[in-house]
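[1] Sequence and predicted structure, then a few things I'm wondering about:
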Amino acid sequence: MGVFISFDQEDITYTNGETIRGSVVLFCKKETTLSRVSVTLSGESTCILRGGPGVLQRKNRETHRLVHELQDITPTSATHQGKKQTPFKLGFGYHSFPFTLNIPWFSQCKTCSSTDCHSYDLPPSMSEVVKDAEIQYKIDASVTVRNIFNETINSSTKIYVWPLDTRPTSMPRASPTRTWRGLLQSIAHAEASIAGVTDQSSTSNHRGGNPMHLPSTPDAVQISIEARFPQDYGLTCGSDISMSLGIKKRTDYQGTLHLQSFQTLLVGYTDIGGQFTEQSQVEFWMVQSVSNINLQISNAHDAVDSERYVHEELWEGKPLPMSVIPSFKSCNVERRYELEISMGLQCEAPRGRVKFVQLLLPVRIFSGILPGRDIDGEKSHENHTSSFDDPCQVNTLLPSNRSVLSGDTLVPGFGPPPTYVEAVSNAAGPRRRR
Ligand SMILES: [Zn+2]
């Protein structure tokens with residue numbers, strides 16, 4: 001007998017709360033009696049822990065079942081006591097048993113003892129991305145044949161799950177405008193001293209002449225840099241970094257200060273081993289890197305303690321790649337991120353010495369997928385007219401719809417979740433509206 005699982009919707013990446021509809025299809029070569037047909041949705045977090053020296057290195061595979069939903073789809077027959085499952089006969093040919101299973105909103109481990117059972121946000125599918133760690137969802141069909149062996153035939157199919165962006169819709173997901181700055185809070189801070197320039201600088205050194213004549217030390221400008229982010233430190237896949245960057249002049253420096261280079265780097269860590277992390281793997285995504293920008297930050301007339309904002313245009317149009325796996329935590333795997341902002345600052349450009357200042361801060365990555373998709377509707381709506389794609393919904397999230405409407409656009413929180421291949425492909429770049 002052959003057992004197959006077929007889905008009403010093919011190639012779908014499911015998200016929180018969605019319903020998987022499909023059928024268990026059986027092919028009987030001859031008349032067969034069955035006693036049970038069931039389907040199970042499961043989600044597992046698996047890691048391999050390595051330890052011990054050299055060739056004796058031990059490998060322990062540890063699996064936690066985060067999602068488990070069983071549905072018995074054995075046909076029932078009416079009896080005097082109500083409906084009852086009894087063994088049933090199937091003739092030669094194909095037979096289909098429909099099922100529906102729901103992707104839960106949260107994961108809750110069935111492997112850990114109930115005392116330390118945790119509920120976590122639903123982790124995204126993750127396989128062949130990180131060595132020794134995997135998040136896998138699958139549907140298993142199980143058919144018990146009634147014969148002397150009570151043989152059970154199983155069939156398993158992988159499905160892909162990508163979590164929703166569950167933040168309140170008032171939360172900024174794109175680059176903030178000035179009016180949004182009030183929604184942000186300071187979470188990274190750096191102090192720096194940028195060397196100034198004197199008239200006799202650089203040229204008088206190492207040129208023979210009087211070796212005792214040292215150039216006078218130029219004044220330095222003391223600055224403080226503050227990066228402000230949404231309260232949940234949230235950054236959104238497929239959207240620009242929501243950040244405001246303020247630079248304060250701390251001393252009365254009589255000259256100009258320029259920003260010459262600007263770099264944002266996302267550092268992803270996969271911690272494997274749960275509570276007592278045994279190993280961590282690191283990946284990098286260069287979000288943006290520009291140099292020779294010569295952007296004036298302050299001049300001689302700026303008062304001490306005045307703050308100037310670096311214009312957001314600098315990091316606009318540089319969205320986080322969709323290939324970034326949203327932050328998550330399970331019993332034995334955690335995916336977390338840090339954002340590294342690196343700035344080259346120079347007094348009296350192009351004469352001063354460029355000083356590099358770095359800010360490093362923890363951030364949470366959200367998928368950017370908004371709730372409300374109608375997967376059953378999508379089949380019949382070629383132009384994606386479901387509520388998920390309602391432009392009005394997006395406009396309420398963005399103070400300006402400029403980034404939504406222009407040409408071949410990046411549309412944050414817009415459209416269906418990416419297919420798994422899209423989501424984890426190395427091809428960086430914005431998700432585009434189809
Ligand atoms: Zn667990």
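    Good, I have the coordinates.
[2] Quick one: residues contacting Ala303.
    For Ala303, the contact set (Cβ atoms under 8 Å, 6 or more residues apart in numbering) comprises Lys249. (Glycine included, C-beta is placed from N, CA and C.)
[3] at 6 Å instead, please
    By Cβ atoms under 6 Å, 6 or more residues apart in numbering, Ala303 lies in contact with nothing.
[4] ok, now how distant is it from Tyr253?
    11 Å (Cβ to Cβ, to the nearest Å).
[5] What about the residue of the stretch 201-350 of the chain found nearest the ion, how many residues nearby?
    Nearest to the ion, among the residues of the stretch 201-350 of the chain, is Cys331, at 3.1 Å (Cβ to the ion). Residues lying near Cys331 (other Cβ atoms under 10 Å) number 23.
[6] does it belong to a helix or a strand, and which?
    For Cys331, there is no helix or strand it lies in under DSSP states H and E.
[7] where does the chain come near the ion, residue by residue?
    Proximity of the chain to the ion (Cβ under 5 Å from the ion) is limited to residues His64, Cys109, Thr111, Cys112, Cys331.
[8] Among those residues, pick out the one closest to Glu18, please.
    Distance to Glu18 across the residues of the chain next to the ion (Cβ to Cβ) is lowest for Cys109, with 21.2 Å.
[9] wait, doesn't Met298 sit right on Leu257?
    Careful, residue 298 is Ser and not Met. Yes: shown here, Ser298 and Leu257 form a contact pair, counting by Cβ atoms under 6 Å, at 4.8 Å.
[10] Tell me which of the two has more neighbours.
    Leu257 (25 against 21).
[11] Contacts only, for the more buried one.
    For Leu257, the contact set (Cβ under 6 Å, 6+ apart) comprises Val221, Ile297, Ser298, Cys347.
[12] and if you look at Arg351?
    Arg351 makes contacts with Val197, as judged by Cβ under 6 Å, 6+ apart.
[13] For it, which three-state class applies?
    What DSSP: H, G, I helix; E, B strand; the rest coil gives for Arg351 is coil.
[14] can I assume Glu313 sits in a strand?
    No: with three-state DSSP as the criterion, Glu313 is helix rather than part of a strand.
[15] Give me the neighbour count for Leu361.
    Neighbours of Leu361 (other Cβ under 10 Å): 16.
[16] Touching, it and Ala188? I think so.
    Yes: counting by Cβ under 6 Å, Leu361 does reach Ala188; the two are 4.0 Å apart.
[17] contacting residues for the most centrally placed residue in the chain?
    Central residue of the chain (Cα atoms, centre = their mean): Pro326, 1.9 Å from the mean position. Contact analysis of Pro326 by Cβ under 6 Å, 6+ apart lists Pro124, Pro163, Ile365, Phe366, Ser367.
[18] change it to 7 Å
    Pro326 is in contact with Pro124, Pro163, Cys237, Ile365, Phe366, Ser367, counting by Cβ atoms under 7 Å, 6 or more residues apart in numbering.
[19] which residue packs closest to it, ignoring adjacent ones?
    Closest residue to Pro326 apart from its sequence neighbours, by Cβ to Cβ, 6 or more residues apart in numbering: Ser367 at 4.5 Å.
[20] where does the residue nearest to the centre of the chain land in three-state SS?
    Under three-state DSSP, Pro326 falls in the coil class.
[21] roughly how far apart are it and Met1?
    To Met1, Pro326 is 40 Å away according to Cβ to Cβ.
[22] what residues go with each domain of this structure?
    Structural domains assigned to the chain are 2-161, 178-199+215-369, following automatic domain parsing.
[23] Tyr137 against Pro163, yeah?
    No: here Tyr137 lies out of contact with Pro163, judged by Cβ atoms under 7 Å, at a distance of 11.5 Å.
[24] And for Asp271, the neighbour number?
    Asp271: 18 surrounding residues under other Cβ under 10 Å.
[25] And Gly352, by the same measure?
    Neighbour number of Gly352 under other Cβ under 10 Å is 24.
[26] Give the rounded mean pLDDT of the helix or strand harbouring Ile223.
    Ile223 is part of strand 220-230, with elements assigned from DSSP H and E. Strand 220-230 shows a mean pLDDT of 88.
[27] buried residues in it?
    For strand 220-230, the neighbour count (16 or more other Cβ atoms under 10 Å) marks Ala220, Val221, Gln222, Ile223, Ile225, Glu226, Ala227, Arg228, Phe229, Pro230 as buried.
[28] Quick check: which helices or strands does that strand pack against?
    Strand 220-230 is packed against strand 184-195, strand 244-249, strand 355-366, with contacts defined by 3 or more Cβ pairs under 7 Å, 6 or more residues apart in numbering; DSSP states H and E.
[29] how does it look with 8 Å?
    If contacts are counted by 3 or more Cβ pairs under 8 Å, 6 or more residues apart in numbering; DSSP states H and E, strand 220-230 sits against strand 184-195, strand 244-249, strand 333-347, strand 355-366.
[30] what sits up against that strand?
    If you take Cβ under 8 Å, 6+ apart as the criterion, strand 220-230 is touched by 171-172, 181, 183-196, 242-251, 253, 255, 257, 307, 341, 343, 345, 347, 357, 359, 361, 363.
[31] Following the chain onward from that strand, which element is next?
    strand 234-236.
[32] related to what we said a few turns ago, so can I have TSV of the helices and strands packed on strand 220-230 showing mean pLDDT?
    Converted to TSV, the helices and strands packed on strand 220-230 look like this (pLDDT from 0 to 100):
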stretch	mean pLDDT
strand 184-195	80
strand 244-249	90
strand 333-347	95
strand 355-366	93
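[33] any low-confidence regions in the protein?
    Applying pLDDT under 70 to the chain flags residues 52-57, 79, 114-118, 170-186, 198-218, 274-277, 374-434.
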